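K.L.:
got a structure for you, letters missing:
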């Protein structure tokens, strides 16, 4: 039987070079490939290149004056271009750049060091808005610097895909000429910033942080660098200074100028950078947030994708084999969809961490194959199992599947189906925090009913209560359900936490706004549920507090501050009402106060108020006044003193028959902070 070829045959130039046209597999057995076989690799690489270019560009490349380059590039250059991460959006531009470099330095590219540099330059300069006619200058810079021994030795160890993070030096991920981070700056940094690899994470601080230059011009205006325009940009940043953007570009470009992979990154209101300090290890520098938008990346823009692509591309054999199957799938999609699906599955089996391959497969299934629900569920579960160590990447794949199949899932099974994602990631920290609230928003929208959304939230809280993901889950729930102080939100949160149990420091921080909101709305049950979830083991160092007769009626109640502050610890508020004591701290204000709602309406025998502070800190609390109320509206003063130090014991025997609220405040007109460690109310329950 004659082999079935593509609709357009590979041209004679290909045969003249010694390679036969690749035939489309016609059975599952025919999909098997040996990634180490050079002929197979190059045949499929050419087939994929032909598909990516399209007939017109392919014909222009394979025939006429370009045919000599075409024949020559079918060897090692083809491999470096095709097996070094994803192709740029414009593969024709990539080949034109590669051809120009080949013409300029054909003999030099016989050396693998120069070949990989040329391939990296072609791949990166083919990106949108990068000038094709400047690629040769970037190639010459790294070629000549290497030959002169001026680059760090690590450069000679890099593969093409790794060099893509070196030759892409520029501004915010784009090309920058000599007025910015172009070749002149590269030369200057190469010759003036020589450091061990790991020390490039601190190179940014060689330039001073200055919002205004010596003439008083702000960096946000056009005149900051104007008086120094004749200086090389890297030099003037070092001498004149700048803010985070200039300093981060200085650090990252210094590393790249010396042959070390680096990138710049955007963060909320900030610019940072990262240096590849070792194989498989990217180290953030001048970074203030996990919310990093990478200016240079081969897959997407998140830190997770940077870490994941580093691992995938570093596993060369598995990834090369996966690429071959992926190219088979693309070739078969329009001719034999069933076999194309099998090829996709082989690609993912070979390299299960290839997130872009998963996303491509899911999109194709959605648009072409339209699987039945159980088939979709298997893809969903397989993707989560493969990517669970990288929760953000797992979500990028899972969201497409969930959106595609949610309508086919029975209404009573939709929440369990959506929860399967959270079950998969609960035990995995991932390489970095990510925008889980956005994912939760998208999942909640699939449910379409407020009651179902709240039930979903409660289940996620319970599932994630012992994981690092509880903090963003609660933050999302607070934003989506808790703004108005609705009881249902607090009850749902409390139930979820009591079911799951456990919390860490990140959870405490995340629950602080929820604790304050519960207090503000008077929801004792929610306040206590949150307090139990984030309970602090050790109390303040208080002197022995002699109790009054009866029960500690304040324990299990609620506490509300007039203001909170950076020194406050809402997770410790409930403990202020307990025997061990806790901590609360208002902002600086006139007449700050603390209102306590007792757990039980009671006839009080007495109140004890104390604080762990001494000296000047203790003086900030007086004059102190204590009042009681049955309803929290009408108040009766029962104590006042100007004597600092405490503890203050207030005997109320026979004076407080029905009390549900206690207020403690500073009773003067100073603007100052207020803090307490204990407000204990004792007596007999009346309910």
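P.N.:
Done, it's in. Given the structure is predicted, the values throughout are model-derived calculations rather than measurements.
K.L.:
Pull the number of nearby residues for the residue nearest to residue 632 when sequence neighbours are not counted.
P.N.:
Distances taken as C-beta to C-beta, 6 or more residues apart in numbering put residue 661 closest to residue 632, at 4.3 Å, once the chain neighbours are dropped. All C-beta atoms are positioned from the backbone trio N, CA, C, and that covers glycine. Neighbours of residue 661 under the rule other C-beta atoms under 10 Å: 22.
K.L.:
So residue 661: helix, strand or coil?
P.N.:
strand (DSSP: H, G, I helix; E, B strand; the rest coil).
K.L.:
Can you name the residues that contact it?
P.N.:
595-598, 628-632, 635 (C-beta atoms under 8 Å, 6 or more residues apart in numbering).
K.L.:
Go again with 7 Å.
P.N.:
Contact analysis of residue 661 by C-beta atoms under 7 Å, 6 or more residues apart in numbering lists 595-598, 628-629, 632.
K.L.:
and if you look at residue 401?
P.N.:
Going by C-beta under 7 Å, 6+ apart, residue 401 touches 362, 376, 379-380.
K.L.:
export those to JSON lines and tack on pLDDT?
P.N.:
Shown next, in JSON lines, are those (pLDDT from 0 to 100):
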{"residue": "362", "pLDDT": "98"}
{"residue": "376", "pLDDT": "95"}
{"residue": "379", "pLDDT": "97"}
{"residue": "380", "pLDDT": "96"}
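K.L.:
which one of these sits closest to residue 339?
P.N.:
residue 379 (17.1 Å; C-beta to C-beta).
K.L.:
Distance check, the closest one against residue 386.
P.N.:
Separation of residue 379 from residue 386 (C-beta to C-beta, to the nearest Å): 11 Å.
K.L.:
Show me the residue at the heart of the chain, geometrically.
P.N.:
residue 434 (3.5 Å; C-alpha atoms, centre = their mean).
K.L.:
my guess is it meets residue 392, correct?
P.N.:
Yes. Applying C-beta atoms under 7 Å as the test, residue 434 and residue 392 come out as touching, 3.9 Å apart.
K.L.:
Find residues that contact each of those two.
P.N.:
Shared contacts of residue 434 and residue 392, counting by C-beta under 7 Å, 6+ apart, come down to 302, 304.
K.L.:
Excluding chain neighbours, give the residue nearest to residue 525 in space.
P.N.:
That would be residue 494: by C-beta to C-beta, 6+ apart, it lies 6.1 Å from residue 525.
K.L.:
tell me what the helix or strand hosting that neighbour is packed against?
P.N.:
Following DSSP states H and E, one finds residue 494 within helix 487-500. If you count contacts as 3 or more C-beta pairs under 7 Å, 6 or more residues apart in numbering; DSSP states H and E, helix 487-500 packs onto helix 450-464, helix 470-481, helix 524-533.
K.L.:
and if we set it to 10 Å?
P.N.:
When contacts are defined as 3 or more C-beta pairs under 10 Å, 6 or more residues apart in numbering; DSSP states H and E, helix 487-500 packs onto helix 450-464, helix 470-481, helix 505-520, helix 524-533.
K.L.:
Now it: average pLDDT?
P.N.:
For helix 487-500, mean pLDDT is 76.
K.L.:
Need the per-residue pLDDT for residue 34.
P.N.:
Looking at residue 34, its pLDDT stands at 89.
K.L.:
pretty sure it is touching residue 43, no?
P.N.:
No. Checked against C-beta atoms under 10 Å, the pair residue 34 and residue 43 is beyond contact range at 11.8 Å.
K.L.:
who has more neighbours, these two?
P.N.:
residue 43 (22 against 11).
K.L.:
how many neighbours does the closest residue to that one other than its chain neighbours have?
P.N.:
Closest residue to residue 43 apart from its sequence neighbours, by C-beta to C-beta, 6+ apart: residue 22 at 4.1 Å. The tally of other residues near residue 22 (other C-beta under 10 Å) stands at 24.
K.L.:
so where's this structure shaky on pLDDT?
P.N.:
Residue ranges of the chain with pLDDT under 70: 1-21, 483-486, 499-507, 533, 535-537, 687.
K.L.:
Domain map for it?
P.N.:
Here the chain is described, according to automatic domain parsing, as comprising the domains 1-84+87-167, 176-297, 314-533, 551-685.
K.L.:
now the last one, how far from the centre of its chain.
P.N.:
Centroid displacement of domain 551-685 relative to its chain, using C-alpha atoms, centre = their mean, to the nearest Å, is 42 Å.
K.L.:
swap in the shortest one?
P.N.:
A distance of 22 Å separates the centroid of the chain from that of domain 176-297, by C-alpha atoms, centre = their mean.
K.L.:
and it, how far apart are its ends?
P.N.:
17 Å (C-alpha to C-alpha, to the nearest Å).
K.L.:
start the count at 323, not 1, going forward
P.N.:
All set: I'll call the first residue 323, so the last point we hit is now domain 498-619.
K.L.:
hang on, the earlier thing: which strand residues bridge the residue nearest to residue 954?
P.N.:
Beta-bridge pairing for residue 983 (DSSP bridges): residue 919, residue 951.
K.L.:
got the contact list for residue 477?
P.N.:
435, 438-439, 464, 467-468, 484-485, 488, 578, 580-583 (C-beta atoms under 10 Å, 6 or more residues apart in numbering).
K.L.:
now do 7 Å
P.N.:
Counted by C-beta under 7 Å, 6+ apart, residue 477 has contacts 468, 581.
K.L.:
quick one: what helix or strand has residue 598 in it?
P.N.:
Counting by DSSP H and E, residue 598 is part of strand 592-600.
K.L.:
That strand: which residues count as buried?
P.N.:
592-599 (16 or more other C-beta atoms under 10 Å).
K.L.:
Could you dump these into CSV and include distance to residue 502?
P.N.:
Shown next, in CSV, are the buried residues of strand 592-600 (distance: C-beta to C-beta, whole Å):
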residue, distance to residue 502
592, 20
593, 14
594, 18
595, 15
596, 20
597, 20
598, 22
599, 25
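K.L.:
and which of those is nearest to residue 809?
P.N.:
residue 592 (39.2 Å).
K.L.:
Surely that closest one and residue 609 touch.
P.N.:
No. Assessed by C-beta under 7 Å, residue 592 is found out of contact with residue 609, at 8.2 Å.
K.L.:
what residues are up against residue 981?
P.N.:
920, 924, 926, 950, 952.
K.L.:
mind running it again at 10 Å?
P.N.:
Counting by C-beta under 10 Å, 6+ apart, residue 981 has contacts 875, 920, 922-926, 929, 950-952, 958, 960, 974, 1003, 1005, 1008.
K.L.:
Against residue 809, how distant is residue 957?
P.N.:
Distance from residue 957 to residue 809, by C-beta to C-beta: 26 Å.
K.L.:
returning to what we had before: what's next to the helix or strand following the strand holding residue 598, contact-wise?
P.N.:
Later in the chain than strand 592-600, the nearest helix or strand by DSSP H and E is strand 603-607. By C-beta under 10 Å, 6+ apart, the residues outside strand 603-607 that reach it are 487, 519-520, 522-527, 569-570, 573-574, 577, 583-587, 589, 594-599, 612, 614, 616, 625, 628-629, 632, 753-754.
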